[in-house]
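I'll drop the sequence and a predicted model, then ask my questions.
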Amino acid sequence: MQRHRVTRRGFLKLSGVAALAAGGWRAGPASAQAEEIKIGALYPLTGSLARVGANMKKAVDLAVEIINAPHPELAPLTLAASSGLPRLGGRRIRLVWADAKDPATARAEAERLIDEEKVVALMGCYASAFTATASLAAETRGVPFVNPESSSPTLTKRDFKWFFRTGPHDGIFTAMFYKMFADLKTQGRRIGKIAILSENTEFGASATRVEEEMGKSEGYQLVAREMYTSPPASLDAELTRIRASAPDALIANGYLIDAVTTIRTLKTMGYFPPALVAQDSGYVLPDYVKDTGKDGDYIISRASWALGLGVRKPLVRKVNDVYRSRYNEDMDETNARSFTGLLALADAINRGGGTGPTLILQGLLTTNIPGGETIMPWQGIKFDKDGQNMYAIGVMVQLLGGQYKVVWPFDLAETAVVWPAPAWANR
Amino acid sequence: MDLFLAASVNGLIMGLVYALVSLGLGLIWGVMDVVNFAHAEYMMLAMYATFFAGGWLHLDPFGALPLVALLGFAAGVGTYVVLIRRIVGASMVTQIFATFGLLFFLRYLAFAVFGPDFRGITWPLAGGSIEIAGVPVSTAKALAASAALVTYAGLHMFLQYTKTGKALQAAAQNPVAALALGIEVDRMYALAWGLSIATAAVAGNFLLPFYQVSPTVADAFLLITFASVVLGGFGSLLGPLVGGVAIGLIEGIAGTLISPTFKLFFVFAVFLLVLFLRPAGLLGAAQR
């Protein structure tokens, strides 16, 4: 009797354990499914780039939220409609943030994220110099690295296996100038003589080199190339010479103070070239618009992205509305790239079908996202043999009435480009 | 020829602006043989003062001028009392480190307080341009150049025709003899610092209408102001004026006619030539 009871109790215990174990077995795969996929996000969160870093964090955080929760209203945006990554059983993405505030820290943090946090992939780091070192850590450890924002062309010329860039680089941006010129020439505008006004550090000097080489190979005549040290006390001599050379377009590579000094000097001289085309930087900052007022109008600049794309591409406006409702401001040309970079990485993990490095690498190598599923002015995302998105390009914007309006490519333009710019007397 | 004329007029105007920024530097140098590396940083602070006088008190640069100059004077006297008095008569190296340290202190103080942003004003009165010898010149720059001439004239009159001005000259020429004659040399030094920084403040006040301020704005002027003072000659009030205008003209003419990329090269080539031929500067006495 007793034995029987004990045996029965024992049986109950055993079966309880078995039930738990069975439950555990069932819970096993279920919890593995729910386990989040850790992606390392390396951005400057302190230091002089902290402000732009904070903006990129907002956009990347929003992208993760859009992936993790169903957002059918944002279709056809990549991974928006589903919940989590559908091919990985709906697993969610979690970002592990690290402060990449200089090249050395960027690399150390990349190593920490890989070795200690066990992230499956990395993204970042905005500044080309930080991206260069952080991606080195990923390359040596065989972990995929997606870079959405850095624009130094050399980053994708290093024969790296694990490095991918979704955004455009400086060479692509400059090629855009000449593509726009070519399009404008077919409309009957006369563009033959180019002048360059540039500051003389790494940014200006390398941009000038590319502008000059491409210009010559496209058959343009370089009539002036004036370099100065920024901040310049005055640009009188530079602009006097440029006026004397009578260019059809003036290409400007300058920081904010240079840009404002250029516009004020041009106004004093009573001269404005038919077009002033800028490599963004000083010419696309809110302070430029504030300091030059309506005198700043008619400059043309490259941009990676513009809210005005929403006129021809409603998805841009829809995503920006979500962003605006969250942060009470609009997305900007930098963090729109960050946003898209994370979606591309998540898409690669999803299609790769797992979190192992080679699966993700396979996913990245076979990436082919149509442009319509992004908020960018791109034909899509597809990496070439160097890991560069072969469809990455920007837009050209013109400052009109204090607003940057998309004017090129023509099929995405909000408004027609004003070229030649009106003389000062007629403004 | 037309290009030459435009270059000369623009160079002359910028030269006067350089002269205004350099004036106070030359004054301190002349009076007490101290090189104030932080001079242009005070100009930067004055630009901020003018900026905020516009924002908070709704004063345009004309209205803000007395206030900014007075603040500059007070800052100069304060700097003398707190820092400079301790290094009078100390070795050259000590003095250089003290004012160089002051440069970094003021610059990073500005970073901490104002952040790295650029700030500028639009002043409708100075927004246009006027013609000088048929060459259009920015009104704001022409105003700054005029301010330079007025400040030089004012300081010259003060030094030549007032008792205090003469006492200041005496303290500069021979502090021991001046002390023996009952001149309070210490107070004269404090006055010199007040005047020096007040002129830097005037420069900043008139610079803001055509140049934005940021904590590093002094970089555009630092080298040129030193060159102006050395080129013009030590110990002479007119030295920085001559030096500043010479640099403006060389920069403007050589920059426009030959190559702007190398405008500072031309400036310093002439600078070295002058030092080689006249070690005490264009106006400097051969022997001090």
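Okay, I see it.

drop to CA atoms for contacts and neighbour counts, all remaining ones
Will do.

pLDDT of stretch A:68-88, averaged?
What stretch A:68-88 shows for mean pLDDT is 94.

who's in contact with that stretch?
A:33, A:66-67, A:90-93, A:315, A:318-319, A:343-344, A:346-347, A:350-351, A:353-354, A:369, A:372-375 (Cα atoms under 8 Å, 6 or more residues apart in numbering or on different chains).

report the buried members of the residues you listed.
A:66-67, A:90-93, A:315, A:318-319, A:343-344, A:346-347, A:350-351, A:353-354, A:369, A:372-375 (16 or more other Cα atoms under 10 Å in any protein chain shown).

among the residues you listed, name the ones in helices.
For the buried ones among the contacts of stretch A:68-88, the ones inside helices are A:66-67, A:315, A:318-319, A:343-344, A:346-347, A:350-351, with DSSP state H as the criterion.

closest one of these to A:D183?
Of all those, A:D183 sits closest to A:L315, with 26.5 Å by Cα to Cα.

report the contact partners of the closest residue in space to the closest one that isn't next to it in sequence.
Of all residues not flanking A:L315 in the chain, A:I375 sits nearest, at 6.3 Å (Cα to Cα, 6 or more residues apart in numbering or on different chains). A:I375 sits next to A:77, A:313, A:315-316, A:319, A:336, A:340 when contact means Cα under 8 Å, 6+ apart.

how about the residues of the stretch 51-200 of chain B near chain A?
B:118-122, B:128-129, B:136-138 (Cα under 8 Å from any Cα of the partner chain).

buried among those? Make that a ChimeraX selection.
With 16+ other Cα under 10 Å as the criterion, this ChimeraX line picks the buried residues out of those:
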select /B:118,119,120,121,128,129,136,137,138
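
strands - which of the residues of the stretch 51-200 of chain B next to chain A land there?
Taking DSSP state E as the definition of strands, those contribute B:129, B:136-138.

okay if I get these as a markdown table plus distance to B:A171?
Putting those into a markdown table (distance: Cα to Cα, whole Å) gives the following:
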| residue | distance to B:A171 |
| --- | --- |
| B:S129 | 43 |
| B:P136 | 44 |
| B:V137 | 41 |
| B:S138 | 40 |
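
and stretch B:168-179, how far apart are its ends?
Stretch B:168-179 has its terminal residues 11 Å apart, counting by Cα to Cα, to the nearest Å.

ok, back up a step: between all of the ones in helices among the buried ones among the contacts of stretch A:68-88, which two are separated the most?
A:K318 and A:R351 (25.4 Å).

distance-wise, check the residue nearest to A:L315 relative to A:N335.
11 Å.

just A:G372 next, same as before
19 Å.

check A:A346 too.
When A:A346 is compared with A:N335 (using Cα to Cα), they lie 17 Å apart.

what about the helix or strand harbouring B:R107, average pLDDT?
For B:R107, the element it lies in under DSSP states H and E is helix B:92-114. Mean pLDDT, helix B:92-114: 93.

likewise stretch B:191-199?
97.

cool, and stretch A:278-285?
86.

list the contacts of it.
A:174, A:251-259, A:288, A:299-303.

chain center to that stretch: distance?
16 Å (Cα atoms, centre = their mean, to the nearest Å).

what's the answer for stretch A:185-199, then?
Mean-position distance between stretch A:185-199 and its chain equals 27 Å (Cα atoms, centre = their mean).

quick one: end-to-end distance for it.
So stretch A:185-199: terminal residues 28 Å apart, Cα to Cα.

quick revisit: list the buried residues in the helix holding B:R107.
So helix B:92-114, judged by 16+ other Cα under 10 Å, has buried residues B:95-96, B:98-100, B:102-103, B:106-108, B:110.

from the residues you listed, which is closest to chain A?
Chain A has its nearest neighbour among the buried residues of helix B:92-114 in B:Y108, at 13.0 Å by Cα to the nearest Cα.

test my guess that that closest one contacts B:T216.
No. Contact criterion Cα atoms under 8 Å: B:Y108 and B:T216 do not qualify, at 9.2 Å.

quick one: low-confidence ranges for chain A?
Low-confidence segments of chain A (pLDDT under 70): A:1-34.

tell me the centre residue of it?
A:R337 (2.7 Å; Cα atoms, centre = their mean).

re earlier: from the ones in helices among the buried ones among the contacts of stretch A:68-88, pick the one nearest chain B.
Closest to chain B, out of all of these and judged by Cα to the nearest Cα, is A:V319, at 29.5 Å.

quick one, what contacts that closest one?
A:74, A:375.

now narrow the contacts of stretch A:278-285 to whatever sits close to chain B.
Answer for those near chain B (Cα under 8 Å from any Cα): A:256-257.

low-confidence regions, the stretch 1-150 of chain B specifically.
Scanning the stretch 1-150 of chain B for pLDDT under 70 picks out the ranges B:1.

next, the nearest residue to A:E373 once chain neighbours are set aside: phi, psi?
Among residues not flanking A:E373 along the chain, A:L77 sits closest, at 4.4 Å (Cα to Cα, 6+ apart). Backbone torsions for A:L77, taken as degrees, to the nearest 10, come to phi -60, psi 140.

ok, now how distant is A:V120 from chain B?
37 Å (Cα to the nearest Cα, to the nearest Å).

that residue is in contact with A:I39, isn't it?
Yes. Under the criterion of Cα under 8 Å, A:V120 makes contact with A:I39 at 5.8 Å.

so which of these two has more stuff around it?
Neighbours per residue, other Cα atoms under 10 Å in any protein chain shown: of A:V120 and A:I39, the larger number sits with A:I39, 24 against 20.

in the chain, which spans are helices?
Went with chain A since none was named. Under DSSP H, chain A gives helices at A:2-34, A:50-68, A:103-115, A:128-141, A:170-186, A:202-217, A:236-245, A:256-269, A:286-292, A:314-327, A:333-352, A:357-365.

could you do chain B instead?
B:2-32, B:39-57, B:61-82, B:92-114, B:139-161, B:163-173, B:175-180, B:185-207, B:219-232, B:238-257, B:263-277.

those: which one's closest to A:A132?
helix B:92-114 (28.3 Å).

can you pull the residues of chain A lying near chain B?
Counting by Cα under 8 Å from any Cα, chain A sits next to chain B at A:226-228, A:230-234, A:236-238, A:240-241, A:256-257, A:261, A:264-265, A:267-270, A:287, A:291-292.

of those residues, just the buried ones, PyMOL syntax please.
Restricted to buried positions by 16+ other Cα under 10 Å, the PyMOL selection for the residues of chain A next to chain B reads:
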select buried, chain A and resi 226+227+228+230+231+232+233+234+236+237+238+240+241+256+257+261+264+265+267+268+269+287+291+292
